[in-house]
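> only geometry, no sequence info:
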C-alpha cells in the first residue's frame, strides 16, 4: 500500500501550494457549501481567492495561476440581518453596560457596533491613538474611501474607552489582540444574557441604521454613519424596508406642507 507523505515544515510555500489544483479546490468548496450558510461559504471563497491571488503575484510567483479562478460561488446571499426591536435593544444595552462596568472589553466592543455602527474588523484593529479629542472621537479606517472617517463617541461609551486606553502606548491595540469574530461572539453573548433574540454584529449596524432613520435622520446621513458610498447600500443590506418607506413618507408630507425636501 502506498502511503501519501504529509507536508513537513521544510516544504516551501511553492511545494505546498502547487499541490492545490482546480479540481481539488472545487471539491473543497462544494463540501463547504453543503455544510454552512451561503454567506459563510461565499465569504470564505472570496477570502481564499484573494490569498491565492496574492500567492500568484509576480514578486512571489509561488503558483503560476489561481486554482480558484474557475470556482463560482453558489446560492443567494441574504440581504439584511435580523435586528433587535427598540425595547430589546434597550435591554441589550443595559446588559452590555453592566459588562462594561465589570471591565469586559468585549462588552465595550459590542456597544461600539450598535452605538457607533462600526464594523467588526475596524473595531478590533483600532489603536489607542485612534481615540481622539479626549475620547470624543474615534478614527476609523475601513476598506473603502467612505469608510475612512471619524465617528463621534457617545457619552455612555467615553469612560469605558478611556479605561481601555489607560496605561497603553499610542500604537497599542485599544481592545487587545482579537480576530473580527470576537465582536460577533460578544454581541451574541450579551443577547443571551439579556434574554433577547441572538443577532450578529452586522445586525447591530442594521439596527443603528433603522433607529437613526426612525428618528428622522436622512438616508445620506445614515449612509455616512455606516461608512457607505451611497444610501442605496444602506437600504439594501441594513435598514428595514418599512423604515425606508416611512422616512420617504415623512419627506413627502413635508414637501406637501410647503417645506423643503
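Nice, thanks for sending it over. Note that the structure is predicted; figures quoted are calculated from it, not measured. Numbers count the residues shown, from 1 in each chain.
> other SSEs contacting the helix or strand containing residue 182?
Using DSSP states H and E, residue 182 sits in helix 181-194. Helix 181-194 is packed against helix 86-101, helix 105-115, helix 120-124, helix 201-214, with contacts defined by 3 or more Cβ pairs under 8 Å, 6 or more residues apart in numbering; DSSP states H and E. For glycine as for every other residue, the C-beta is placed from the backbone atoms N, C-alpha and C.
> Could you give the average pLDDT over it?
Averaging pLDDT along helix 181-194 yields 94.
> What lies in contact with it?
Residues from elsewhere that reach helix 181-194 (Cβ atoms under 8 Å, 6 or more residues apart in numbering): 84, 88, 91-92, 94-96, 99, 104, 106-107, 109-110, 113, 120, 123-124, 197-204.
> And the buried ones among the residues you listed, selectable in ChimeraX?
In ChimeraX syntax, the buried subset of those is picked out as below (16 or more other Cβ atoms under 10 Å):
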select :84,88,91,92,95,96,99,104,106,107,109,110,113,120,123,124,199,200,201,202,203,204
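> Give me the contacts around stretch 27-35.
Residues outside stretch 27-35 that contact it (Cβ under 8 Å, 6+ apart) are 41, 44, 45, 68, 71, 74, 75.
> Now the buried members of the residues you listed.
Neighbour counting by 16+ other Cβ under 10 Å classes 41, 44, 45, 68, 71 among the contacts of stretch 27-35 as buried.
> Name the single longest helix found in this structure.
With secondary structure taken from DSSP state H, the chain has its longest helix at helix 38-55.
> which two from the buried ones among the contacts of stretch 27-35 end up farthest apart in space?
Among these, the pair separated by the greatest distance (Cβ to Cβ) is 41 and 68, at 12.7 Å.
> residue contacts, residue 134?
Contacts of residue 134 (Cβ under 8 Å, 6+ apart): none.
> Helix, strand, or coil at it?
coil (DSSP: H, G, I helix; E, B strand; the rest coil).
> I'd like to know how many residues surround residue 181.
Residue 181 has 12 neighbours, counted by other Cβ atoms under 10 Å.
> ok, it to residue 212 distance?
To residue 212, residue 181 is 26 Å away according to Cβ to Cβ, to the nearest Å.
> same check, this time on residue 134
25 Å.
> How about residue 192?
Separation of residue 192 from residue 212 (Cβ to Cβ) stands at 26 Å.
> By mean pLDDT, which helix or strand of this protein comes out lowest?
When each helix and strand of the chain is scored by mean pLDDT, DSSP states H and E, helix 219-226 comes last, with a mean of 58.
> so where's the stretch 1-150 of the chain uncertain?
Counting by pLDDT under 70, the ranges of the stretch 1-150 of the chain that qualify are 1-22, 37-39, 58-61, 76-81, 142-147.
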